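# dropping a prediction and its sequence here:
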Amino acid sequence: MKNFNFFLKKILPLILIRKFNRYFGGGIVFDDAGSTWDESALLCIGYSADDILKRVLDATLTVKCGDALFERDSVLFYNVDFVWPGLSGLMWAAALAGGRLNVLDFGGALGSSYFQHRIILSTLSNVRWNVVEQAHYVEAGRTHIQDDVLRFYYSIDECLAENKPNVILLSSVLQYLESPFDVIKKLPFIGASILIIDRTPFSKLAQDKLLIQRVPPSIYKASYPMWVFSESAFLNKINQDWCSIGNINCPEGTVYSNKGFEFSFQGMLLQRRES
């Protein structure tokens, strides 16, 4: 696929690359952004609107009652689709802790990753899945979704007051934070031995780059700033506290912005270095 995308970029004009992205990327478009996060945010409509939460909540309630297997960005899925490298990390953490799995899922919406893997996770004897999210998601989660396994928190500190996570999950979240490395700096102090980073965009540039991600109305109408991380700079920082165990190939693969900027969605499985 990578070679095909390279070939595609070489032979097709930008307008056809845009059409390719719209067809294979579900209509998601990546545009150039402003020079700063604040400037870029002014060009976006955001993703905190209540109608988006309502769509995600309706979809999650459908999953919770068993009429679908999982949801992602409010889209329902009816067939098993495990993220095997990430699931391996979860089961590895459980194995290291005698079967106990306590997950800190930062930016985990209403438990999308939990429900996606619930069939396998339910075979463990001791599971606690803790989502740290924006306030309105936490309120909806606590009111409609929360149970003895799946819990919702306003902050990492609030979560740690009740839990001792042995694995941290960052799935499709770092790129949407204004200051993602402020979060990354906190991770070694949480106490978890395993870190899973998934569905995160990287490029071969030496510097991080800002884009605007536009979600098609067929999913929900939203646009927001998005970091594309310099892979080399990101690894230099993350490797200070974590050692790489393996890479995760993400379904989004390699994509292009509307002006032909190439980047790819990747993930990684990491283990905390002993101090």
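On my side now, so go ahead.
# show me where the stretch 51-200 of the chain has strands.
70-72, 75-77, 100-106, 126-132, 150-153, 167-171, 194-203 (DSSP state E, counting those that start in this stretch).
# give me the helices and strands touching the second one, please.
Read that as strand 75-77. helix 50-64, strand 70-72 (3 or more C-beta pairs under 8 Å, 6 or more residues apart in numbering; DSSP states H and E). For the C-beta atoms, the positions are set from N, CA and C on the backbone; glycine is no exception.
# convert the strand or helix carrying residue 268 to PDB, retaining C-alpha atoms only.
Element membership of residue 268 [criterion: DSSP states H and E] is strand 262-272. Extracted C-alpha coordinates of strand 262-272, given in PDB (Å, rounded to 0.1, in the frame of the first residue of the first chain):
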ATOM      1  CA  GLU A 262       2.200  13.000   2.700                       C
ATOM      2  CA  PHE A 263       1.800  11.500   6.200                       C
ATOM      3  CA  SER A 264       0.700   8.200   7.700                       C
ATOM      4  CA  PHE A 265      -1.200   7.000  10.700                       C
ATOM      5  CA  GLN A 266       0.800   4.800  12.900                       C
ATOM      6  CA  GLY A 267       0.800   3.300  16.300                       C
ATOM      7  CA  MET A 268       3.400   1.800  18.700                       C
ATOM      8  CA  LEU A 269       3.500  -0.500  21.700                       C
ATOM      9  CA  LEU A 270       5.900   0.700  24.400                       C
ATOM     10  CA  GLN A 271       7.200  -0.400  27.800                       C
ATOM     11  CA  ARG A 272       8.300   2.000  30.500                       C
END
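# just how off-centre is that strand within its chain?
Averaging C-alpha positions (C-alpha atoms, centre = their mean, to the nearest Å) puts strand 262-272 11 Å from its chain's average.
# report the angle between it and strand 194-203.
Using axes from the mean of the first three to the mean of the last three C-alpha atoms, to 10 degrees, the inter-axis angle of strand 262-272 relative to strand 194-203 is 160 degrees.
# before we move on, back to that, and the helices and strands packed on strand 75-77: which comes nearest residue 177?
helix 50-64 (17.6 Å; C-beta to C-beta).
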